[in-house]
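> return a 3D structure for these sequence lines:
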Amino acid sequence: MWKKYRKRIFAQPKKNSLSVSQSQSISPSVIRNFTEITKLRLSVSVVFSSVAGYLLGADSIDFFVLFLLCVGGYCMVGASNVFNQIIEKDLDSLMERTKNRPLPAGHMTGRSAFILACILTVAGIVVLYNINPVTAMFGAISIFMYVSLYTPLKTKTPLSVFVGAFPGAIPFMLGWVAATGKFGIEPGTLFMIQFFWQFPHFWAIGWFLFDDYKKAGFFMLPNGKRDKGTAIQVILYTIWTVLVSLIPVLGITGKLYLTPISGGFIGILGIGFLYYAIKLYKEKTSTAAKQLMLASVSYITLLQIIYVADKFLR
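Predicted coordinates:
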């Protein structure tokens with residue numbers, strides 16, 4: 001009798017330790033799947049743009065509103081990414097850079113992903129609505145255009161990049177709208193900056209991932225080719241991006257103003273951006289395209305930092 005009881009005592013901790021081990025192994029995988037399917041780094045960069053827009057538009061910083069903007073913004077971007085990956089699951093399995101995503105790799109079911117996307121969508125709209133209805137409206141427009149228009153067009157026409165530039169340009173202006181509750185020339189200018197910026201950025205990605213995209217039938221380059229015509233368009237849109245970025249220096253964009261000194265810094269960034277665009281035109285290599293992509297990310301990030309610093313330091 002005592003022997004049986006003693007075995008039960010000593011057997012119990014082993015069982016508990018096994019269940020603890022299982023729970024410890026489940027948590028990291030769930031977190032990893034969540035961060036991968038919502039594209040953590042991309043979502044954070046989008047939220048960063050929204051925060052920059054908010055700081056530019058706010059007369060005084062309301063940290064609770066800022067918190068809501070971060071949460072709601074992440075939910076909306078995350079939902080867009082999840083819906084996108086549900087739709088493109090089979091195509092993702094064909095490409096090297098995407099075949100290990102949670103859905104094609106079998107780490108998450110389509111049903112689980114759909115439920116997550118719906119939860120994020122509802123949560124995002126509700127959170128943004130609590131800031132103001134206009135912010136929620138633009139958030140909803142963003143997810144609709146990304147999922148219902150941009151995603152299916154990627155396998156149909158190079159114009160998908162043009163369509164995708166609309167939802168992609170919303171985050172920067174969304175922050176201003178969250179701060180003010182209205183749309184005007186100021187958020188419109190922020191929208192234009194990020195709208196034009198996306199063309200050289202995504203065409204650079206489409207260039208160095210051309211072969212991988214081709215496996216899934218994605219049309220990302222304007223000419224469908226890595227040629228001089230595409231490179232010329234990259235240069236033109238880079239120039240447009242820099243010029244639009246400097247418009248606030250002229251004092252014609254309402255409360256959105258940039259001092260000439262900060263404009264000079266933006267101009268220097270623009271010259272660097274344009275340098276890599278011209279380099280792609282000359283070399284037409286994947287290496288040059290990667291360098292342009294990195295230059296584009298550096299440009300938009302530093303631009304937003306300069307805009308915000310200019311407001312609070314002048």
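
> which other helices and strands contact the strand or helix carrying Lys290?
Per DSSP states H and E, Lys290 falls inside helix 286-313. Applying 3 or more Cβ pairs under 8 Å, 6 or more residues apart in numbering; DSSP states H and E, one finds that helix 286-313 contacts helix 40-57, helix 185-208, helix 228-245, helix 260-283. To be clear about C-beta, it is placed using only N, CA and C from the backbone, and glycine gets the same treatment.

> so which of those helices is the most packed in?
Highest mean neighbour count among these (mean count of other Cβ atoms under 10 Å): helix 185-208, with a mean of 23.

> and the angle from that helix to helix 286-313?
160 degrees (axes from the mean of the first three to the mean of the last three Cα atoms, to 10 degrees).

> pull the CA atoms of helix 185-208 into PDB?
Taking C-alpha atoms only, helix 185-208 is exported to PDB below (Å, rounded to 0.1, in the frame of the first residue of the first chain):
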ATOM      1  CA  ILE A 185      -3.800  70.200 -46.700                       C
ATOM      2  CA  GLU A 186      -1.500  69.200 -43.900                       C
ATOM      3  CA  PRO A 187      -2.300  65.500 -43.800                       C
ATOM      4  CA  GLY A 188      -2.800  65.600 -47.600                       C
ATOM      5  CA  THR A 189       0.900  66.700 -47.900                       C
ATOM      6  CA  LEU A 190       2.000  63.900 -45.600                       C
ATOM      7  CA  PHE A 191       0.000  61.500 -47.700                       C
ATOM      8  CA  MET A 192       1.600  62.700 -51.000                       C
ATOM      9  CA  ILE A 193       5.100  62.300 -49.500                       C
ATOM     10  CA  GLN A 194       4.600  58.700 -48.600                       C
ATOM     11  CA  PHE A 195       2.600  58.000 -51.700                       C
ATOM     12  CA  PHE A 196       5.300  59.000 -54.200                       C
ATOM     13  CA  TRP A 197       8.000  57.400 -51.900                       C
ATOM     14  CA  GLN A 198       6.500  54.000 -52.300                       C
ATOM     15  CA  PHE A 199       7.200  53.700 -56.000                       C
ATOM     16  CA  PRO A 200      11.000  53.700 -55.900                       C
ATOM     17  CA  HIS A 201      10.800  51.700 -52.700                       C
ATOM     18  CA  PHE A 202       8.700  48.800 -54.000                       C
ATOM     19  CA  TRP A 203      10.200  48.800 -57.400                       C
ATOM     20  CA  ALA A 204      13.600  48.400 -55.800                       C
ATOM     21  CA  ILE A 205      12.200  45.400 -53.900                       C
ATOM     22  CA  GLY A 206      10.500  44.100 -57.100                       C
ATOM     23  CA  TRP A 207      13.900  44.400 -58.900                       C
ATOM     24  CA  PHE A 208      16.100  42.300 -56.600                       C
END
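
> give the other helices and strands that that helix contacts.
Using 3+ Cβ pairs under 8 Å, 6+ apart, helix 185-208 sits against helix 40-57, helix 160-180, helix 228-245, helix 260-283, helix 286-313.

> quick check: next helix or strand after that helix?
helix 210-216.

> and the contacts of that following helix?
88, 91-92, 94-97, 155, 206, 220-221, 226, 286 (Cβ atoms under 8 Å, 6 or more residues apart in numbering).

> buried set for it?
Phe210, Asp212, Tyr213, Ala216 (16 or more other Cβ atoms under 10 Å).

> closest one of those residues to Ile61?
Checking the buried residues of helix 210-216 against Ile61 by Cβ to Cβ gives Tyr213 as the nearest, at 41.2 Å.

> Asp92 - how many residues pack around it?
By other Cβ atoms under 10 Å, the residues close to Asp92 number 20.

> OK, contacts around it?
So Asp92 contacts Gln85, Thr98, Lys99, Arg101, Leu103, Pro104, Ala216 (Cβ under 8 Å, 6+ apart).

> which of these are buried, as a PyMOL select command?
Buried residues within the contacts of Asp92, by 16+ other Cβ under 10 Å, are selected in PyMOL with:
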select buried, resi 85+98+101+103+104+216
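
> tell me which two in the contacts of Asp92 are the farthest apart.
Leu103 and Ala216 (13.9 Å).

> helix 40-57 and the helix holding Lys290, what's the angle between them?
Going by the same axes, to 10 degrees, helix 286-313 makes 30 degrees with helix 40-57.
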